[in-house]
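**Q** Let me see the structure of the following:
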Amino acid sequence: MVLALGALAIMGLIEYVTGVSWEARAGRQWLAGDALGGPYINPNNYASFLVAFVGPTIVVARRTASKLLRFSCLLLIVLAGFLAIHTLSRTAVIAGLLVLCVGMLWPLHGQNRHVLSIPAMLLSAGVAALLFSGRIISSMSGTFSDVDAQSDEMRVGLAQAAAKYAIDSDGLGIGPGSFVSYLRSDPGRNVGLVTDAHNTFLQIGAEYGVIVFVPVVWMMFWLASSVLHKEHGRVVRWTGHIRLELSLVLIGVLAGGLSASSLIADGTWWLLIGYSVALAGLIRATPSVEGENEPAASPDRQAGSRQ
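**A** Alright, predicted model coming up:
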C-alpha cells in the first residue's frame, strides 16, 4: 500500500511539474483544466485513491520501529495531501482531513508514543507547504467556490436520473454500461452534460438492479461494523492497528464511491474493497485472549521454547 501511494504520488508530481495530464499524454482529451488527475480519467477518482492509500501508510508510520521508514511515510503523506488539494476535489479535502484525524488519534496498544509526535510533524509540514506555495491556497479557495454550485446541481440531476432508471426497470437494472446511453436519449433529463452518474453506488443500482446493489451496500455496512466487532464482548487489543487500517481504507472507498465519475470498471476500487474484506475477515476470525496483546502461542510452540 505504501508503494502504491508512492507510485500515485510520483505520477501526480510529474503531472504537477510538467502541467500535462496523463490523459493528454495518452492522446485523450482532458476536461478538468488545471486539476490533477494522475493516471485516472477524473480528478475525483485520483483524489479518492490518494486518500485510501494514505490510511495504510499512516498505520505503517505509527507502528514501525524504523525512524527512516516513519519519516519517509510522513513525507509521502504530506505529498499526497499536496496532490489531493490540487485535484480540487472537495470530497478529497474532507475525507483526507477525516483520515488524518482518525489515523493520528486512534489509540493503538503499545504505540501511543507516536500519537502526538506524528500530528505535530504533519501539522508543521502542512503549514510550511501552505506558506511556501500560494497555489495551494488558491486551489483550496477555488475548491469551495461558487462554481461548485453547478457541479452540485449536476450531481443531483445525475442521481435523480439513476434512481429513475432503476425504478423504471422494476429494480432489474438497465444493463451494464448503459447509464450514459440512457441519459443521452432521455428527453426529460435535467442535466446538460451527458456523463456517468458520479455516484458509483447509484450507478450500480441503475445498471445492475437490486440484485447487485443490495449486496454491495450490505458489504459496506458489514465492513463498517467489522471495525467495532467484538469477540465474546471484548475487543482484541492487538487487532487495533487492523481496525484502524480498515476504517481508513473504508473512508477512501466510500469517498470514491460517492464522488468519482464511476468506479464500476476500476480495478483499484475493487482491489481496495477486497483488501478491506481481508482485513475485516482477520478481525472477525481473531479469538479473544484475555490478557494477551498478540495471539497466544500454540502448545507445540510453547513446548519447543522450553526445550
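
**Q** For the helix or strand that contains Val180, which helices and strands make contact with it?
**A** Of the helices and strands defined by DSSP states H and E, Val180 is found in helix 179-184. The contact analysis (3 or more CB pairs under 8 Å, 6 or more residues apart in numbering; DSSP states H and E) places helix 179-184 against helix 147-168, helix 200-208. (C-beta placed from N, C-alpha, C; glycine too.)

**Q** need the ones you listed in CSV with distance to Pro176, mean pLDDT and mean neighbour count, can you?
**A** Putting the helices and strands packed on helix 179-184 into CSV (distance: least, CB to CB, whole Å; pLDDT from 0 to 100; neighbours: other CB atoms under 10 Å) gives the following:
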stretch, distance to Pro176, mean pLDDT, mean neighbour count
helix 147-168, 13, 82, 16
helix 200-208, 5, 94, 25
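
**Q** want to try a markdown table for these, with distance to Thr87 as columns?
**A** Listed next are those as a markdown table, based on distance: least, CB to CB, whole Å:
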| stretch | distance to Thr87 |
| --- | --- |
| helix 147-168 | 13 |
| helix 200-208 | 17 |
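
**Q** between these, which gets nearest to Ile10?
**A** Ile10 lies closest, by CB to CB, to one member of the helices and strands packed on helix 179-184: helix 200-208, at 26.1 Å.

**Q** Using PDB, write out the CA atom coordinates for the closest one.
**A** Provided in PDB are the C-alpha atoms of helix 200-208 (Å, rounded to 0.1, in the frame of the first residue of the first chain):
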ATOM      1  CA  THR A 200     -20.900   4.500  -8.200                       C
ATOM      2  CA  PHE A 201     -23.400   3.000  -5.800                       C
ATOM      3  CA  LEU A 202     -26.400   4.700  -7.600                       C
ATOM      4  CA  GLN A 203     -25.000   3.700 -11.000                       C
ATOM      5  CA  ILE A 204     -24.700   0.100  -9.800                       C
ATOM      6  CA  GLY A 205     -28.300   0.200  -8.800                       C
ATOM      7  CA  ALA A 206     -29.400   1.700 -12.100                       C
ATOM      8  CA  GLU A 207     -27.400  -0.600 -14.300                       C
ATOM      9  CA  TYR A 208     -27.300  -3.900 -12.400                       C
END
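
**Q** Which SSE is immediately downstream of it?
**A** Elements were assigned by DSSP H and E; along the chain past helix 200-208, the next helix or strand is helix 210-227.

**Q** Cool, thanks, talk later.
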